[in-house]
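# Test case, fold it:
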Amino acid sequence: MLIGTYFQVDLEKLADCSEYFKALSHSCMRETSEQLVHLEHVPSPVFYNLLQFCFLQRFCISEDLLGEHLRVSTYLLAYGFTNRLLIALSQALTEHTCLGYLQLAEELCSEELQETVLTYLSKYLLEHPHLSQGLDSHLKAKLLRLRSKGTPHLCCLRKENLTSRNDPETDAARKLFRLEEDKDYGKWSSLTDLPFCADKWCFTTAVLYNYLYLIGGYRHRVKKGYEFKMASFRYNPFTNQWVSTAPLIKHRRHFSAAVCEGRIFAVGGWYLDSLVTPDSGTGVYTAVEKYDPWKDTWEFVSSLPLTDFQFSLSLSHDSPLTTSLGHCLYVLGNIQRTGEKLVLRYDTRQEFSLFLSDCWCELLPTLTRSSADLPILNFLGAANNQLVVIGGNNSETMVTSFCVDSQKWGRIRAMEKTTLIGQGTILHNEVYMSGMKDNSVVKLNLHSLSLCPLPSLPVTTCYESLFHLYF
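Numbering: from 1, shown residues only. Model (predicted):
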């Protein structure tokens, strides 16, 4: 009951909502014996709202008063009220108010308030990059962890389409899909359309800070017919939104992309403007580009050392295959003359070091044709501190590994012939790739080499990219 600036309340019931009043009710302090508690430093409208919530479960507080209420609820250890305030705050935060609340969290020593603000900042990490640039390193690290919190979901999109017409099949394929799993069965659901309208496109994907990057180009109409437009896009799974980002410097098709040390590296490929099959005169690009997500810029780094040899090209996968392990990039290719498999390494720390030369190095020995009949390369990934290689020939599929520390090739293991195409991904010693049969996506266990078919895609399998995102 409100009497001026006095409140007459049931202390025992209030103690259920506040650790401060619980401790007071069990104490021998004068306030308890006199049944009169002085809270001059607590604004009466704020305390009134606390009582409304604790006794009547009513909550009606304007956004501009949330900070004042958080101060009081934190002081009074009213955890239920604090949690409700934080829910309201999570829906009210903006780029203009979040840093002020982060400062309040530090002042109140409130981990819960800090977590709420950091969750907001992580949700819009690259949409508002200036907000996180001034944070302490431990808070920046926490932001990145929050973007990869929970269970990763397998996603898929068609990375290349060569059908020169707009039809229902092309429209259906121009989407981002996610695998919805349940105990008995799973299915692919459409999350959003791809951020362009075209009948022909060629992209490579990369996932950085739980953002999906779509890098490449698509065909669009101009005055005298068609031409390919270089384009790159970034998808935020937390907001289900696409935005345009800086395109590549080189016009590339079928290039590889790998993420290393917070940057995206574009490696290889060949000229994008022509979608005809490469001939004997087509060569892999040696130029390597690096993308800075904070500046939204591409720049060239050390080129591939393809001077006295060339890597073979392929239409079934990106050329050459590229992955990252630790702070290094690794490239695997088929040497045209000999058929040998050669691994190249690039230390991404070189640009910051005076003691490391900015160049690629060959990791010998090569894998020769006599050691493995492996004319086709399908996948390169990293697991258990070594490179994982999947390839094959006309009769069987083979899996091997390469230890980058000892520079030794692992045992060649054969399995049933499986046609694998597109851009795969690896998670927990399992490789995910698309196949040619029945719109299939398969999961390959690297320990047992058992092949598990996943639910069929709702569109015809063509040239897909698979990756994991957190939602």
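# Please make it C-alpha for all contacts and neighbour counts, starting now.
Will do.
# How much space separates residue 268 from residue 398?
24 Å (CA to CA, to the nearest Å).
# which stretches of the chain have low pLDDT?
Scanning the chain with the threshold set as pLDDT under 70 gives 1-4, 31-34, 164, 166, 183-184, 272-281, 351-356.
# those helices in it, which residues are they?
In the chain, the helices defined using DSSP state H lie at 11-15, 19-25, 30-34, 44-56, 66-75, 79-92, 98-108, 111-123, 129-133, 137-147, 168-173.
# what sits up against the first one?
Under the contact criterion CA atoms under 8 Å, 6 or more residues apart in numbering, helix 11-15 has outside partners 21, 22, 23, 25, 51, 54, 55.
# Next, the contact list for the first one, please.
What it means is residue 21. So residue 21 contacts 11, 14, 15, 76 (CA under 8 Å, 6+ apart).
# Redo the contacts of helix 11-15 as TSV? Include distance to residue 199.
Listed next are those as TSV, based on distance: CA to CA, whole Å:
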residue	distance to residue 199
21	67
22	67
23	69
25	72
51	61
54	59
55	61
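# Specify the residue ranges that define each domain of the protein.
Per automatic domain parsing, the domain ranges recorded for the chain read 2-147, 153-469.
# ok, the residue nearest to residue 152 when sequence neighbours are not counted - how many residues close by?
Leaving aside its sequence neighbours, residue 152 sits nearest to residue 470 (CA to CA, 6 or more residues apart in numbering; 4.7 Å). Other residues within reach of residue 470, judged by other CA atoms under 10 Å, total 19.
# next one: residue 38
8.
# re earlier: just the contacts of helix 11-15 now: which is nearest residue 332?
Taking CA to CA as the measure, residue 332 lies nearest residue 54 of the contacts of helix 11-15, at 63.7 Å.
# In contact with the closest one, which residues?
Going by CA under 8 Å, 6+ apart, the list of residues near residue 54 reads 14, 17, 81.
# quick one: it from residue 80, how far?
For residue 54, the distance to residue 80 equals 8 Å [CA to CA].
# Mind listing the shared neighbours of these two?
residue 17.
# what two of the contacts of helix 11-15 are the furthest from one another?
Among the contacts of helix 11-15, 23 and 55 lie farthest apart (CA to CA), at 18.8 Å.
# Looking at residue 268 and residue 398, which one has more neighbours?
For residue 268 and residue 398, the more surrounded residue by other CA under 10 Å is residue 268, and the numbers stand at 28 against 24.
# tell me the strands in the stretch 101-250 of the chain, going along the chain?
153-158, 160-161, 175-180, 187-193, 201-208, 211-222, 225-236, 241-245 (DSSP state E, counting those that start in this stretch).
# can I get those in a markdown table with mean neighbour count and distance to residue 431?
Shown next, in a markdown table, are the strands of the stretch 101-250 of the chain (neighbours: other CA atoms under 10 Å; distance: least, CA to CA, whole Å):
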| stretch | mean neighbour count | distance to residue 431 |
| --- | --- | --- |
| strand 153-158 | 22 | 11 |
| strand 160-161 | 22 | 21 |
| strand 175-180 | 19 | 15 |
| strand 187-193 | 16 | 18 |
| strand 201-208 | 23 | 16 |
| strand 211-222 | 20 | 19 |
| strand 225-236 | 18 | 23 |
| strand 241-245 | 14 | 27 |
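# Give the full set of residues in contact with the closest residue to residue 461 other than its chain neighbours.
Sequence neighbours aside, residue 439 is the residue nearest to residue 461 in space, at 4.5 Å (criterion: CA to CA, 6+ apart). Residue 439 makes contacts with 456, 457, 458, 459, 460, 461, as judged by CA under 8 Å, 6+ apart.
# Buried ones only from those, please, as a ChimeraX command.
With 16 or more other CA atoms under 10 Å as the criterion, this ChimeraX line picks the buried residues out of the contacts of residue 439:
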select :456,457,459,460,461
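# ok, the contacts of residue 439 vs residue 338, which is closest?
Closest to residue 338 out of these is residue 461 (32.4 Å), distances taken as CA to CA.
# Hmm, residue 219 and residue 228 touching each other?
Yes: between residue 228 and residue 219 there is a contact under CA atoms under 8 Å: 4.3 Å.
# quick one: residue 116 from residue 75, how far?
Per CA to CA, residue 116 is found 18 Å from residue 75.
# Please disregard the earlier target; I meant residue 248.
53 Å.
# and if you look at residue 283?
Distance from residue 283 to residue 75, counting by CA to CA: 68 Å.
# So between the two, which is more surrounded?
Neighbours per residue (other CA under 10 Å) separate residue 283 from residue 75, with residue 283 holding more: 17 against 14.
# Surely that one touches residue 310?
Yes: when contacts are counted by CA under 8 Å, residue 283 is listed as touching residue 310 (7.4 Å).
# start to end distance for stretch 121-137?
First-to-last residue span, stretch 121-137, CA to CA: 14 Å.
# For that stretch, buried residues please.
121, 122, 123, 124, 125, 126, 131, 132.
# Just give the closest residue to the last one, not the sequence neighbours.
The reference is to residue 132. Residue 132 sits nearest to residue 140 (CA to CA, 6+ apart), 6.7 Å away.
# From residue 147, how far out is that neighbour?
Per CA to CA, residue 140 is found 11 Å from residue 147.
# Kindly report the same for residue 223.
Between residue 223 and residue 147 the computed distance is 43 Å (CA to CA).
# and those two? which has more neighbours close in?
Neighbour count, other CA under 10 Å: between residue 223 and residue 147, residue 147 has more, with 22 against 6.
# if we look at stretch 252-272, which residues are touching it?
When contacts are defined by CA under 8 Å, 6+ apart, stretch 252-272 is touched by residues 202-209, 216-217, 228, 251, 282-293, 315, 317-329, 348.
# What subset of the residues you listed is buried?
Counted by 16+ other CA under 10 Å, these give 202-209, 216-217, 228, 251, 283-291, 293, 317-325, 328-329, 348 as buried.
# returning to that earlier point: wait, the residue nearest to residue 152 sits on residue 145?
No: counting by CA under 8 Å, residue 470 does not reach residue 145; the two are 11.1 Å apart.
# Test my guess that residue 361 contacts residue 345.
Yes: the criterion here is CA under 8 Å, and residue 361 meets it with residue 345 at 5.4 Å.
# Which one of these two is surrounded by more residues?
With neighbours defined as other CA under 10 Å, residue 361 and residue 345 compare such that residue 345 has more, 21 against 14.
# Contacts only, for the more buried one.
When contacts are counted by CA under 8 Å, 6+ apart, residue 345 touches 328, 329, 330, 331, 360, 361, 362, 363.
# Distance to residue 62 added to those, as TSV?
Formatted as TSV, those follow (distance: CA to CA, whole Å):
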residue	distance to residue 62
328	51
329	51
330	54
331	56
360	58
361	61
362	63
363	63
